Every structure is written in C-alpha cells, then in structure tokens.
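Colleague: Pasted the sequence and its predicted model underneath.
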Amino acid sequence: MLLGEAEKTQVTKKMLSAMVGTLALAGATLAADATIADVEQRSGEVGQRDSEVGQLSAEDGVYTDEQADRGERAYEIECGTCHGADIRGGETSISLMGRDFMQYWREESLGILYGIIQETMPEDDPGRLSDRETVDLIAMMLRANLLPAGDEELEPDQEMLFEIRLTAATAQ
Ligand code: HEC
C-alpha cells in the first residue's frame, strides 16, 4: 500500500481498525496497538502475493450489471441518506465516486474496501450488511466509477478480493 503523506492523515482510526480486522481475517496477525506502518507492511505482504499470482484489477470486468443493480437497490436503503442519492456525498459524508475516491482507492485491493464497508458501514449501525450485500455494493461503486461490468459476479470471498486491485495503473 503506497499512501502519500496527505493521504495518510486521512486514514481514520475507524478505517485503521477495519483494516486491522480485515488483515487479521486474511491470516495476518497484528498486535492490538498496530500502527499505520504495521498495517502498510502487512498489506505490502498481501500485495506481494498479488504479484506472484498476477495482477488482477477491477478494470478487467469483475462484477455483473445485474449485481450492480442489486447494489444500487441496497444503496438506496442503506447508504443514500448519508452518501447522497447520486453517490456524490452529502453534508455529513464523502463521495463514493469520482476523482477523489479513485485517487484514494486506486492501488488498494477490493478486500480492504470490503472489510471497511462491512465493519464500519452504515455508519449509524455497522456490521449488519450480509457478505452478499457488501459485494453487491462494491459492484455498484465500481460501476459508478466507470469500471466495466463482466460476465461473472464478484464473490464475497475476501481472500479473493484481496487479489483484485481497484485499478491496474500505478499512481504518479
Ligand atoms: C449515517 C451516515 C452513513 C451511512 C448510512 C453510510 N455511511 Fe459510509 N461514511 C459515512 C461517513 C461520515 C464516512 C467518512 C468518515 C469515516 O470514515 O468514518 C463514510 C465513509 C465511507 C467509506 C470510505 C470512503 C473513503 O474513500 O474513505 C465507504 C467505502 C463507505 N462509507 C461506504 C458506505 C456504504 C456502502 C454504505 C451503505 C451500506 C454507507 N457507507 C452508509 C457515513 C455514512
């Protein structure tokens, strides 16, 4: 994970704990007082495994349109009140699409995004999204960010999601 200095400060405690939970699920062991550097190091290890199996990215068409439609319906019920009916953010929360979102997530794996959504969202009642709803929501977000649909659904398998980066391109 290559976060810039400015981006590092955006990593909230909540996100950090979600990442720690996520990485623990991936088989990594982290001390409870893990620092951002620890998390980065661990994600680096996950990343290294990525390059061994070949770099898969969400640009390769990793969800279906039908799945993104389901995600949109879940979004309207669970997320729209805060993130905006058009996904561009509201007064109390940030946009889940567009340049800032892509800049921030481009080099992350979908596994990290999955862990963060499942453990911290919806912010007012986290932890109640099913595995299936969570990947459907990711499919909806990928489509909103103009990443292409494909023939196979994104599966709620976090090990596999760790192998898929949001974009193949490396940030400048
Ligand atoms: C009660 C308001 C609220 C609801 C409902 C909500 N969110 Fe959020 N969300 C936030 C706030 C506030 C942040 C940013 C601060 C934070 O990380 O805690 C955020 C951050 C996020 C992020 C991190 C974005 C980034 O670029 O760092 C994602 C992803 C996300 N939300 C997805 C969702 C999804 C998917 C749902 C629906 C299941 C949802 N949220 C529902 C308030 C909400």
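Modeller: Good, I have the coordinates.
Colleague: Can you list the residue ranges for strands in this protein?
Modeller: Assigned by DSSP state E, the chain shows strands spanning 56-57, 164-165.
Colleague: and of these, who's closest to the ligand?
Modeller: For the ligand, the closest of the strands of the chain is strand 164-165, at 15.2 Å, according to C-beta to the nearest ligand atom. Where you see a C-beta, it was placed from the backbone N, CA and C, and this is true even at glycine.
Colleague: Next to the ligand, which bits of the protein? Give me the list.
Modeller: Neighbours of the ligand within the chain, by C-beta under 6 Å from any ligand atom: 12, 14-15, 78-79, 81-83, 92-94, 96, 101, 104, 116-117, 121-124, 129, 137.
Colleague: Quick one: buried ones out of those residues?
Modeller: Using 16 or more other C-beta atoms under 10 Å as the burial test, the residues of the chain next to the ligand include 15, 78-79, 82-83, 96, 101, 104, 116-117, 121-122, 129, 137 as buried.
Colleague: Adding distance to residue 59 and pLDDT as columns, could you present these in TSV?
Modeller: Below are these laid out as TSV (distance: C-beta to C-beta, whole Å; pLDDT from 0 to 100):
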residue	distance to residue 59	pLDDT
15	24	55
78	26	93
79	24	93
82	28	89
83	23	89
96	18	82
101	15	82
104	17	82
116	21	94
117	20	95
121	24	95
122	28	95
129	25	96
137	19	97
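Colleague: lowest average confidence, helix or strand, in this structure?
Modeller: helix 5-10 (a mean of 44; mean pLDDT, DSSP states H and E).
Colleague: just for the protein, where's the confidence low?
Modeller: Scanning the chain with the threshold set as pLDDT under 70 gives 1-54, 91-92, 169-172.
Colleague: pretty sure residue 82 contacts residue 125?
Modeller: No. Shown here, residue 82 and residue 125 do not form a contact pair, counting by C-beta atoms under 8 Å, at 11.4 Å.
Colleague: about what we covered before: among the residues of the chain next to the ligand, which lie within helices?
Modeller: 14, 15, 78, 81, 82, 83, 101, 104, 116, 117, 137 (DSSP state H).
Colleague: Now compare these and name the two farthest from each other.
Modeller: Greatest spatial distance among these (C-beta to C-beta): 81 and 104, at 22.1 Å.
Colleague: Run through the bridge partners of residue 109.
Modeller: Residue 109 has these beta-bridge partners by DSSP bridges: residue 165.
Colleague: And it, how close does it get to residue 165?
Modeller: Per C-beta to C-beta, to the nearest Å, residue 109 is found 5 Å from residue 165.
Colleague: Also residue 122?
Modeller: Residue 122 is 25 Å from residue 165, by C-beta to C-beta.
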